[in-house]
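Colleague: here's a sequence, model it:
(one chain, ligands or ions: 1)
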Amino acid sequence: MTPLIEKLLILQDHDLRILKFEKELADIPLRKAAIDSMLDDHRQSVAAAKEVHKGRQAEIKKAELEIESFREKIRKYRDQQMQLKNNQEFRAMEKEIEGVEKSIRQIEDRILEIMETVEAALRDVKAKEDALRTEEGGVKAEIANIDNRANELSAELDQVKKARAGLTSEIEVTRLSQYDRMFKNKKSKVLVSVEDNGTCGGCHMKLPPYICHDARKQLNVVACGYCGRMLY
Ligand SMILES: [Zn+2]
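Modeller: This is a model prediction of the structure:
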């Protein structure tokens, strides 16, 4: 094998690794997003449980305001009662007040019932938050693994790029730019061997005998007439 082919093969090996590392690095944000989205269901159930809890609390608040307005009503009735002159009117007012007080007691009973559902809703929120936290723990570990892998990849990529840069200075400029153009275009092997049956190792087309001869003897850098790859 000529030194040029040897160097080009090493260069190609570097380039294939760079390609592979860059592809894996580019996929990392997508992989992380996919893992993170596994939490979406849990996040949604926490949010839904919180909504229920908030709704129940709002019901209580509303009932308390109702009671407050009834109490205000009673205070007004009492004031009016003071100014009443006859007993009959006084008693009629007393009956009004009792009616309002009864309404208050009914609302208070309702509040007690709602309070129980508030507690149940709060327990549900806590349970769903726990489930989310457990799941988050698993996801965190997975993301940490991916981040570690990303760091490894970046380090390896740097190394290969350095090795590649060192090698290019040893290859003739026109040959190098020819190779670079082809690799950029194919994004796969551009330097292939002639197979034993006389076909191109890249596209597997039958090569003319003189091409096989030249490639095997490495008299020159020859190209496959079908796919344009360099043959050796
Ligand atoms: Zn070919």
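Colleague: the host helix or strand of residue 66 packs against which elements?
Modeller: Element membership of residue 66, judged by DSSP states H and E, is helix 40-83. Counting contacts by 3 or more Cβ pairs under 8 Å, 6 or more residues apart in numbering; DSSP states H and E, helix 40-83 packs against helix 87-168. (C-beta placed from N, C-alpha, C; glycine too.)
Colleague: what's the domain layout of the protein?
Modeller: 14-168, 189-231 (automatic domain parsing).
Colleague: and the gap between the residue nearest to residue 226 when sequence neighbours are not counted and the ion?
Modeller: Take residue 226 and drop its neighbours on the chain: the residue closest to it by Cβ to Cβ, 6 or more residues apart in numbering is residue 205, 4.2 Å away. Residue 205 sits 6 Å away from the ion, going by Cβ to the ion, to the nearest Å.
Colleague: likewise for residue 218?
Modeller: Remark: distance between residue 218 and the ion (Cβ to the ion) = 17 Å.
Colleague: next, count neighbours for the residue nearest to that residue when sequence neighbours are not counted.
Modeller: Counting by Cβ to Cβ, 6+ apart, residue 218 lies nearest to residue 2, which is 5.0 Å off, once chain neighbours are set aside. If you count neighbours by other Cβ atoms under 10 Å, residue 2 ends up with 12.
Colleague: same thing with residue 191?
Modeller: For residue 191, the neighbour count with other Cβ under 10 Å is 21.
Colleague: in the sheet, who's paired with it?
Modeller: residue 230 (DSSP bridges).
Colleague: OK, contacts around it?
Modeller: 5, 8, 9, 12, 179, 229, 230, 232 (Cβ atoms under 8 Å, 6 or more residues apart in numbering).
Colleague: for the fourth one, which non-adjacent residue is spatially closest?
Modeller: When you say that, I think you mean residue 12. Nearest non-adjacent residue to residue 12 (Cβ to Cβ, 6+ apart): residue 191, at 5.1 Å.
Colleague: distance check, the one you found against the ion.
Modeller: Between residue 191 and the ion the distance, using Cβ to the ion, works out to 11 Å.
Colleague: cool, residue 228 as well?
Modeller: Distance from residue 228 to the ion, by Cβ to the ion: 7 Å.
Colleague: how about that residue: what's its closest non-neighbour residue?
Modeller: For residue 228, the spatially nearest residue (Cβ to Cβ, 6+ apart) is residue 182, at 6.8 Å.
Colleague: which SSE is that neighbour in?
Modeller: Secondary structure from DSSP H and E places residue 182 in helix 173-186.
Colleague: go through the domains of the chain and find the least confident stretch.
Modeller: Per-stretch mean pLDDT for these is lowest at domain 189-231 (a mean of 92).
Colleague: so what's the gap between that domain and the chain middle?
Modeller: With Cα atoms, centre = their mean, to the nearest Å as the basis, domain 189-231 stands 46 Å off its chain's centre.
Colleague: please consider this matter closed, and thank you.
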